[in-house]
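Engineer: Predicted model and sequence follow; I will ask about them next.
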Amino acid sequence: MSACHKSAPTPPITSDSPGSALDFIKDSVFLYSQEAYYWADALPDYATLQPRSFTGSDDLDALSNEVDFISQYEINPVTGYPYEYYTPSPGYAKYSYIDNGATVTALAGTYTGFGFGLALNSNSNTDLRVRYVYAGSPAAAAGMHRGDQINGMNGRTGLDLSVSADYNFVVAAVNATPLTLTLTRPDNSTYTATLNLSTYTLNPVLLSKVIDLGGGKKVGYMVMNSLTALSNSQAAIDAAFASFTSSSITDLVVDFRYSDNGYLSTAQYLDNLIVPTAKTGTLMYNTYYNATLVAGKEQLLKNKYFRDANNVLRNYGQLDYSVAANAVNFAKKGSLNLSRVFFIVGDNTAAAAELVMNNLRPEMNVQFIGSNTFGMPVGYFPLTFSQYQYYMVGFETKNAATQGGYYLGMTPGSSDFPGVNDNDDVTKDFGDVTEGLLAHALNFVKNGSYSVGLKVQSTTGSGRTSNINFDKTRRKGMILDTK
């Protein structure tokens, strides 16, 4: 009689088990998350998550799938969904991500793409518009401007973004070169633009100007699409504020409607230019890390090095993660001394731009114009594993009045965010005084109330996202400065 033989049990995979280089990167993503992720206390153990089990179309996709999975554990009691729940794409992380260096390059001011964004106008799925153009980009060289209507793309006309085939065709054009567009300007003249993918230096200030409303009322207006590193953005910011100061403006409008990423240092710099002089030396904001870091119990972070603002090589284990050690105070820059500021915002307003606005709320009259922002009161420091940078949520910020937690975004016209709720007007260029959202601010300055009758139609079409960036290196985020 033969005996029954069972196979020997497979040994459990651990972080010490033999594996490929990719396996060890997957291990690192999870193990560093257990130590430094803001919501680390909700994560399971290694054996439960099994980091090496994640696969994808390539190595980066496999790592991204792991990051997405890690992000969905901690539940926001207000919503009943994870803090990183992303409504347009459930299961994908709203904040955390991993890339192969694209973010570092972009926030240094080097972009790759065609240099423009696209949106739909007036609840239409067929009225495609240019929503911004970066100076120095292929789109700018071709004479494209915000508000121009796109009638055809690579020979295809009659595009309808409610039709999957057309929508996918437009999205695929992000990677197509050359890209040929037929467009109509606001004066009804038409032209053709043929664009090739190119790398260019970004000027994050798309426009700055002074608008004289008469009666001694002058409005400084600036459009800032990204809070790139100060080495890239400071000169442009300083030039704008020098003009505002010399013109003796009485009000300031900062257009953040497409500002979705940036560095903490640049956000602080902008706050110090805007805040009233009397606030110098008072608290700007506090930063909160997880309990492991605050208690100084981190171990893995001692293996990760960075260069601080003084170019001194340090490791993350040398940092003090307590609230007191990370308090940031206002240090007024310049002589502009206003009591009120208007911010134009939308669903692409995120991260560092939201931090700028939140920091000023207790300090002056802050007015919000536009639609609900992205909602990102958290930020991260990048951790490098081989050729990849992991942008893990590592901290949360709150202003001097302990206001924060805007995970669902800032809603203009609400009790917490006074102003007016309206949608983006993509038919007019930046700085056009008849453009819907800017017109609201100018009317308030001139008449003391927001304009009625300027309600702009939604630019989101029939529920399908239309905010397509024809730049390949954009990602939302608020990043601690390291190098």
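Structural biologist: Nice, I can see it.
Engineer: Show me what counts as buried in stretch 286-299.
Structural biologist: Neighbour-count burial for stretch 286-299, counted by 16 or more other Cβ atoms under 10 Å, picks out 286, 287, 288, 289, 290, 292, 293, 298. (Each C-beta comes from the backbone N, C-alpha and C, glycine too.)
Engineer: quick one: the strands in the stretch 351-483 of the chain?
Structural biologist: In the stretch 351-483 of the chain, the strands defined using DSSP state E, counting those that start in this stretch lie at 365-370, 378-385, 388-399, 419-421, 468-471, 477-479.
Engineer: Output the contacting helices and strands for the first one.
Structural biologist: Packed against strand 365-370 by the contact rule (3 or more Cβ pairs under 8 Å, 6 or more residues apart in numbering; DSSP states H and E) you find strand 340-345, helix 352-360, strand 419-421, helix 436-447.
Engineer: Only C-alpha atoms, please: export that strand in CSV.
Structural biologist: Taking C-alpha atoms only, strand 365-370 is exported to CSV below (Å, rounded to 0.1, in the frame of the first residue of the first chain):
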residue,chain,number,x,y,z
ASN,A,365,-9.0,89.0,4.0
VAL,A,366,-8.6,86.1,1.6
GLN,A,367,-11.2,85.7,-1.2
PHE,A,368,-11.7,82.6,-3.4
ILE,A,369,-13.1,82.8,-6.9
GLY,A,370,-13.8,79.8,-9.1
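Engineer: what pairs with it, and is each one parallel or antiparallel?
Structural biologist: Note on strand 365-370: by DSSP bridges, its sheet partners are strand 340-345 (parallel), strand 419-421 (parallel).
Engineer: Averaged over its residues, which helix or strand of this protein has the lowest pLDDT?
Structural biologist: strand 468-471 (a mean of 54; mean pLDDT, DSSP states H and E).
Engineer: thinking again about what came up before, want to try JSON lines for the helices and strands packed on strand 365-370, with mean pLDDT and mean neighbour count as columns?
Structural biologist: Listed next are the helices and strands packed on strand 365-370 as JSON lines, based on pLDDT from 0 to 100; neighbours: other Cβ atoms under 10 Å:
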{"stretch": "strand 340-345", "mean pLDDT": "98", "mean neighbour count": "25"}
{"stretch": "helix 352-360", "mean pLDDT": "97", "mean neighbour count": "26"}
{"stretch": "strand 419-421", "mean pLDDT": "96", "mean neighbour count": "21"}
{"stretch": "helix 436-447", "mean pLDDT": "96", "mean neighbour count": "21"}
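Engineer: wait, which of those is closest to residue 101?
Structural biologist: Distance to residue 101, taken as Cβ to Cβ, is lowest for helix 352-360 among the helices and strands packed on strand 365-370, at 19.6 Å.
Engineer: just the helices in the stretch 51-200 of the chain please.
Structural biologist: Taking DSSP state H, counting those that start in this stretch as the test, the helices found in the stretch 51-200 of the chain are 59-70, 102-107, 138-141, 164-172.
Engineer: State the distance from the residue nearest to the spatial centre of the chain to residue 175.
Structural biologist: Nearest residue to the geometric centre of the chain (Cα atoms, centre = their mean): residue 260, 2.2 Å. Using Cβ to Cβ, to the nearest Å, we find residue 260 at a distance of 20 Å from residue 175.
Engineer: now swap in residue 213 and tell me
Structural biologist: Separation of residue 213 from residue 175 (Cβ to Cβ) stands at 45 Å.
Engineer: Looking at the two, which is more packed in?
Structural biologist: More neighbours surround residue 213 than the other of residue 213 and residue 175, with 16 against 11 (other Cβ atoms under 10 Å).
Engineer: still on that earlier bit, could you tell me the least trusted of the helices of the stretch 51-200 of the chain?
Structural biologist: When the helices of the stretch 51-200 of the chain are ranked by mean pLDDT, helix 102-107 comes last with a mean of 82.
Engineer: Could you check that one and say which residues are buried?
Structural biologist: In helix 102-107, counting by 16+ other Cβ under 10 Å, buried: 102, 103, 104, 106, 107.
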